[in-house]
Each structure stands twice: as structure tokens, then as C-alpha cells.
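Peer 1: From the sequence below, what's the structure:
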Amino acid sequence: MFFRGTATKKEVGIVVDPLLLCRFASDLRKRMIDDQDLGFFANFLGIFIFVLVIAYHYVMADPKYEGN
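Peer 2: Numbers count the residues shown, from 1 in each chain. Below you'll find the predicted structure:
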């Protein structure tokens, strides 16, 4: 099936129920973060900051950017 930019929702097969999306969003807000999610987030944040520090030191120690 080729689309020419004039496909309707029925042709594409996308049907979105706004009430279902609202229910799903409210369920996400009610759910409390558990220990496993918190641990993953803390580890990811720590690794990301560590990589940023290493990249910063790598860029700042580059002799091309040293003053005369």
C-alpha cells in the first residue's frame, strides 16, 4: 500500500482513544518509584556525570587549546 500524503486515519489503521490515554497517564502518576527504578536512575546519573567529567578533562587537557 503506497501513501501519497492523503491517507486518513482509517486507511493507516491508527485509532487513538483519548480516554484510554488519560487513564494511562493517571496510572503513571499514581505509581510510586520502587527501589529498582531508583537504583537504575542513580547509577545511570552517576555514570553520565562521570563520563561528562572525563570528557571535560580530555577537552581541557588538549594541547591544541593551550595558550602561548
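
Peer 1: Would you state the helices of the chain in chain order?
Peer 2: With helices called from DSSP state H, the chain shows them at 9-12, 18-30, 35-60.

Peer 1: Buried residues, the longest one. List them.
Peer 2: Right, the one you point to is helix 35-60. Going by neighbour count (16 or more other CB atoms under 10 Å), nothing in helix 35-60 comes out as buried. Glycine gets a C-beta too; all of them are placed from N, C-alpha and C.

Peer 1: Any regions of the chain where pLDDT drops low?
Peer 2: 1-16, 18-29, 65-68 (pLDDT under 70).

Peer 1: mind redoing it with 80?
Peer 2: In the predicted model of the chain, residues 1-31, 62-68 satisfy pLDDT under 80.

Peer 1: Around Asp34, how many other residues sit close by?
Peer 2: Neighbour count for Asp34, taken as other CB atoms under 10 Å: 8.

Peer 1: how far away is it from Leu45?
Peer 2: Counting by CB to CB, to the nearest Å, the gap from Asp34 to Leu45 is 17 Å.
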